[in-house]
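Engineer: the following comprises the amino acid sequence and a computationally predicted model.
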Amino acid sequence: MGEATAEMKSNNVDVAELQRFDALAARWWDPEGEFKTLHWLNPARLSYIDLHSPVAELKVLDIGCGGGLLCEALALRGAHVTGIDMAAASLKTAQLHLAESGLQVEYLLAEADTFAAERAGQYDIVCCLELLEHVPRPEDVVHAAAKLTRPGGDLYFSTLNRHPLSWLMAVVGAEYLFNLLPRGTHDYQRFIRPSELGRMLRTARLQLADISGFRLQPLERRFQLHSDVRINYIAHARKAGV
């Protein structure tokens, strides 16, 4: 599927967001670059997923995989990984990095709704991390993720809470005071309260199993799991079995 074709078929894509990520695509794997906070966050979110749903030998889908940080980490733990994204340049970076890592990951230029029609129920685990706040209708992505998951499978969603503290830390602090993220990375109005994500999960007939927050340890350059969900958080959901 070509880049233009993929964009035209999707009606849940923010073109400006795609262009922003494509412009930074070559920097995905630079631990000191614009995506450094994702490098700090990745071990915590991977550990959370593998703790609740050990991924070895399972089929895992990463929706909005970007440059492949999570995909490669999942593959290292023995998962059979597919990553989809609508940012073509980011996918090229992800594919090129496989030549260095020697891992096996399937990367595809695809949008969640279209992909769900093609591979419904084929994945044991579906992840959608740091994507929902970047699309016009996050509820559609949640519904597509549910469709892609096999009965009895697990899903993981992480995003930012629309809370004053997240605006202070993730927007003002991270983007303007400490330059941890490029300015304009986040739109506070698109942040999602846990209660709102909970409604999306229920509408998609998913059951919320757990929700945990992330807390930044800046001196250690890493995030740790925490009970405080006021800034960014990760939710574990399950799809009912047959």
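Structural biologist: Structure's in. What do you need?
Engineer: what ranges in the chain fall below the confidence cut-off?
Structural biologist: Applying pLDDT under 70 to the chain picks out residues 1-10, 173-181, 242.
Engineer: strands along that one, start to end?
Structural biologist: Per DSSP state E, the chain carries strands over the ranges 59-63, 80-85, 105-109, 123-129, 149-160, 206-217, 222-226, 232-239.
Engineer: any chance of these in JSON lines with distance to Q19 as columns?
Structural biologist: Every residue, glycine included, has its C-beta placed from N, CA and C. Formatted as JSON lines, those follow (distance: least, Cβ to Cβ, whole Å):
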{"stretch": "strand 59-63", "distance to Q19": "19"}
{"stretch": "strand 80-85", "distance to Q19": "14"}
{"stretch": "strand 105-109", "distance to Q19": "15"}
{"stretch": "strand 123-129", "distance to Q19": "21"}
{"stretch": "strand 149-160", "distance to Q19": "21"}
{"stretch": "strand 206-217", "distance to Q19": "27"}
{"stretch": "strand 222-226", "distance to Q19": "27"}
{"stretch": "strand 232-239", "distance to Q19": "24"}
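Engineer: JSON lines for those, including mean neighbour count and distance to E34?
Structural biologist: Shown next, in JSON lines, are the strands of the chain (neighbours: other Cβ atoms under 10 Å; distance: least, Cβ to Cβ, whole Å):
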{"stretch": "strand 59-63", "mean neighbour count": "26", "distance to E34": "20"}
{"stretch": "strand 80-85", "mean neighbour count": "25", "distance to E34": "17"}
{"stretch": "strand 105-109", "mean neighbour count": "18", "distance to E34": "20"}
{"stretch": "strand 123-129", "mean neighbour count": "25", "distance to E34": "17"}
{"stretch": "strand 149-160", "mean neighbour count": "22", "distance to E34": "17"}
{"stretch": "strand 206-217", "mean neighbour count": "17", "distance to E34": "17"}
{"stretch": "strand 222-226", "mean neighbour count": "16", "distance to E34": "17"}
{"stretch": "strand 232-239", "mean neighbour count": "23", "distance to E34": "17"}
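Engineer: and these: which comes nearest L98?
Structural biologist: Of all the strands of the chain, it is strand 105-109 that lies closest to L98, at 6.2 Å by Cβ to Cβ.
Engineer: name every strand pairing with the closest one and say which way it goes.
Structural biologist: Here strand 105-109 has these sheet partners by DSSP bridges: strand 80-85 (parallel).
Engineer: next, the contact list for N42, please.
Structural biologist: By Cβ atoms under 8 Å, 6 or more residues apart in numbering, N42 lies in contact with 69-70, 73.
Engineer: separation between it and C71?
Structural biologist: According to Cβ to Cβ, to the nearest Å, N42 and C71 sit 11 Å apart.
Engineer: what does K239 give?
Structural biologist: 21 Å.
Engineer: now do the helices in this structure.
Structural biologist: Listed in chain order, the helices of the chain (DSSP state H) span 3-9, 15-23, 36-52, 69-76, 88-101, 112-118, 138-148, 164-166, 194-203.
Engineer: and those helices as CSV, adding distance to E220?
Structural biologist: CSV is the format used below for the helices of the chain (distance: least, Cβ to Cβ, whole Å):
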stretch, distance to E220
helix 3-9, 38
helix 15-23, 27
helix 36-52, 9
helix 69-76, 18
helix 88-101, 25
helix 112-118, 34
helix 138-148, 31
helix 164-166, 20
helix 194-203, 26
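Engineer: and of the ones you listed, who's closest to I125?
Structural biologist: helix 36-52 (7.1 Å).
Engineer: any idea how far that closest one is from the chain center?
Structural biologist: 11 Å (Cα atoms, centre = their mean, to the nearest Å).
Engineer: thanks again, I'm all set now.
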